[in-house]
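**Student:** Make a model of this:
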Amino acid sequence: MNKKILMIGVVLLAICISVGAVSAWEWNFSSESSSNTDGGDMSLENGVLKLQGIEFKIPDGYENNESAQVLGGDAPDIPGAKFSALTFLKGEDKIITEVFYADGGIDEFNSTSEGAIDATMAGIKGTYIPDEIGDGHPTFKFIKDKKLVAVRAPDNATIESIIKA
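**Tutor:** Numbers count the residues shown, from 1 in each chain. Just a heads-up that it's a prediction; the model follows:
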């Protein structure tokens with residue numbers, strides 16, 4: 001009798017451990033998502049990127065370059081701020097999405113980049129920089145939800161399709 005009770009207890013313990021292990025596993029097969037303790041937050045599903053709560057539509061054919069991914073890193077040019085960034089590649093073409101955020105939010109920014117002009121893309125007012133890093137590709141920066149958003153892509157049409165999300 002005692003052996004039966006002991007055996008039942010062992011079986012129940014094994015079942016509990018198995019159920020706990022399975023429920024701790026993430027069952028999301030069709031997307032990538034990650035976060036870190038510094039507040040970095042990212043999910044990518046069916047070409048829709050959500051980075052720090054900002055949504056982007058990544059064009060077909062671009063692949064996430066995970067080795068260039070930054071989640072919740074210290075922002076290099078904004079004291080006290082953090083940023084998250086993802087890079088997508090399609091052959092030689094590159095898309096970079098960045099979101100800068102801080103306690104209390106970011107309400108404005110002033111671009112010191114050469115050629116920066118006020119512009120509207122996809123109905124969003126921001127700053128357009130024709131060649132911010134010297135590779136001939138444009139960057140568009142704007143404020144959304146008290147965060148500074150920057151998108152760099154091979155051309156203006158690609159930027160507009162990304163920020164329309």
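**Student:** Okay, and the beta partners of the residue nearest the centre of the chain?
**Tutor:** Computing the C-alpha centroid of the chain and ranking residues by Cα atoms, centre = their mean puts residue 51 first, at 3.0 Å. As for beta bridges, residue 51 partners with residue 42, residue 54 under DSSP bridges.
**Student:** Identify the residues contacting it.
**Tutor:** The contact partners of residue 51, taken as Cβ atoms under 8 Å, 6 or more residues apart in numbering, are 41, 42, 84, 85, 86, 97, 99. In short, each C-beta sits where N, CA and C put it, glycine included.
**Student:** again, only using 6 Å
**Tutor:** For residue 51, the residues meeting the contact criterion (Cβ atoms under 6 Å, 6 or more residues apart in numbering) are 42, 84, 97, 99.
**Student:** ok but residue 103 is inside a helix, no?
**Tutor:** No: counting by DSSP: H, G, I helix; E, B strand; the rest coil, residue 103 falls outside a helix, being coil.
**Student:** Give me the pLDDT value at it.
**Tutor:** According to the predicted model, the pLDDT of residue 103 comes to 90.
**Student:** Can you tell me the number of residues neighbouring the residue lying closest to it once chain neighbours are set aside?
**Tutor:** Of all residues beyond its chain neighbours, the one nearest residue 103 is residue 80 (7.3 Å), with distances taken as Cβ to Cβ, 6 or more residues apart in numbering. The number of residues packed around residue 80, counting by other Cβ atoms under 10 Å, is 9.
**Student:** how far away is residue 80 from residue 107?
**Tutor:** With distances taken as Cβ to Cβ, to the nearest Å, residue 80 is found 14 Å from residue 107.
**Student:** So which residues of this protein form helices?
**Tutor:** Taking DSSP state H to define them, one finds helices in the chain at 2-24, 156-163.
**Student:** lowest-confidence stretch among those?
**Tutor:** The lowest average pLDDT among those, as it happens, falls on helix 2-24, at a mean of 43.
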